[in-house]
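K.L.:
Let's see this in three dimensions:
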Amino acid sequence: MRTRITAMLSKPGMFDDASPSLASATLEDYIQPTLNHGLRVWWAYYWPTSLISFVLIAMISVALRVAWRNALLSANFVRWASSILA
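P.N.:
As a prediction, this is how the structure comes out:
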């Protein structure tokens, strides 16, 4: 019976809580986010997405105007599509 208890204490199962020594080790590696980190994330991910979406909206707007001038699309459709893009 004793070997079963010691084996259970030495090796935690999949659904058991982590030991306190493992929990404190992960907290030591934690990096506190700052404004500098937030700006780096924004610069790395969000500005390219904003730039790409701006270019796509501009291209679709120009294509709608050209299609309207060539009488391929009605004015109501161009007005509706422009309101979605804005």
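
K.L.:
from here on, contacts and neighbour counts on C-alpha atoms
P.N.:
Fine.

K.L.:
looking only at pLDDT, what's the mean for the top helix by length along the chain?
P.N.:
Criterion DSSP state H: the longest helix present in the chain is helix 47-69. For helix 47-69, mean pLDDT is 93.

K.L.:
other SSEs contacting that helix?
P.N.:
Packing partners of helix 47-69 (3 or more C-alpha pairs under 8 Å, 6 or more residues apart in numbering; DSSP states H and E): helix 75-85.

K.L.:
Enumerate the positions of the helix it packs on that are buried.
P.N.:
Using 16 or more other C-alpha atoms under 10 Å as the test for burial, helix 75-85 gives V78.

K.L.:
elements contacting it?
P.N.:
When contacts are defined as 3+ C-alpha pairs under 8 Å, 6+ apart, helix 75-85 sits against helix 47-69.

K.L.:
tell me which residues of the helix it packs on are tucked away?
P.N.:
61, 64-65, 68.

K.L.:
And the contacts of the longest helix of the chain?
P.N.:
For helix 47-69, the external contacting residues (C-alpha atoms under 8 Å, 6 or more residues apart in numbering) are 73-75, 78, 82, 85.

K.L.:
nearest to G38, of the residues you listed?
P.N.:
Using C-alpha to C-alpha, L85 comes nearest to G38 of the contacts of helix 47-69, at 28.4 Å.

K.L.:
what sits up against stretch 75-86?
P.N.:
57, 61, 64-65, 68.
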